[in-house]
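Visitor: Sequence and computational prediction follow.
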Amino acid sequence: MPGQNKIRVSVAAYGLAARQVQAGSYEVKAGSTVKAVLKRAGIGVGGAGLVLMIEGDRVEPDRPVEDGEEIKVFHLAAGG
């Protein structure tokens, strides 16, 4: 059936982000975005204040995810 394709994406959280994100593996519809996966992991509004990475590259919340990818989530750090 069209529209029934599912993919599995993992979420890992580090440091302070681990308090905000439910790390784990999520089944989502093919074509879903990072934002949609983060919503399933308990983060709303695209993860403001978080750094999102896939395979070592920083990504935006509207980036589509692919089967088997892992989203790594870090809390934005600032200092002086």
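Guide: Nice, thanks for sending it over.

Visitor: Nearest residue to E55 in space, please, no chain neighbours.
Guide: Taking CB to CB, 6 or more residues apart in numbering, and ignoring the residues beside it in sequence, E55 has E69 as its nearest neighbour in space, at 7.3 Å. Backbone N, C-alpha and C define where each C-beta goes, glycine included.

Visitor: any idea where the strands of this protein begin and end?
Guide: 6-13, 24-29, 50-54, 57-58, 70-75 (DSSP state E).

Visitor: Now the first one: buried residues?
Guide: Within strand 6-13, the residues scored as buried using 16 or more other CB atoms under 10 Å are I7, V9, S10, V11, A12, A13.

Visitor: which secondary structure elements does that strand contact?
Guide: In terms of contacts (3 or more CB pairs under 8 Å, 6 or more residues apart in numbering; DSSP states H and E), strand 6-13 is packed against strand 24-29, helix 34-40, strand 70-75.

Visitor: what helices or strands is the second one leaning on?
Guide: What that stands for is helix 34-40. Applying 3+ CB pairs under 8 Å, 6+ apart, one finds that helix 34-40 makes contact with strand 6-13, strand 24-29, strand 50-54, strand 70-75.

Visitor: ok, and what's touching it?
Guide: Where contact means CB atoms under 8 Å, 6 or more residues apart in numbering, the residues beyond helix 34-40 that reach it are 9, 11, 21, 26, 28, 46-47, 52, 54, 59-63, 65, 71, 73.

Visitor: let's see it at 6 Å
Guide: The contact list for helix 34-40, computed with CB atoms under 6 Å, 6 or more residues apart in numbering, reads V9, Y26, V28, G46, G47, L52, V59, P61, R63, V65, I71.

Visitor: same deal with the last one?
Guide: With CB under 6 Å, 6+ apart as the test, strand 70-75 has contacts from 10-17, 21, 34, 50-51, 53-54.
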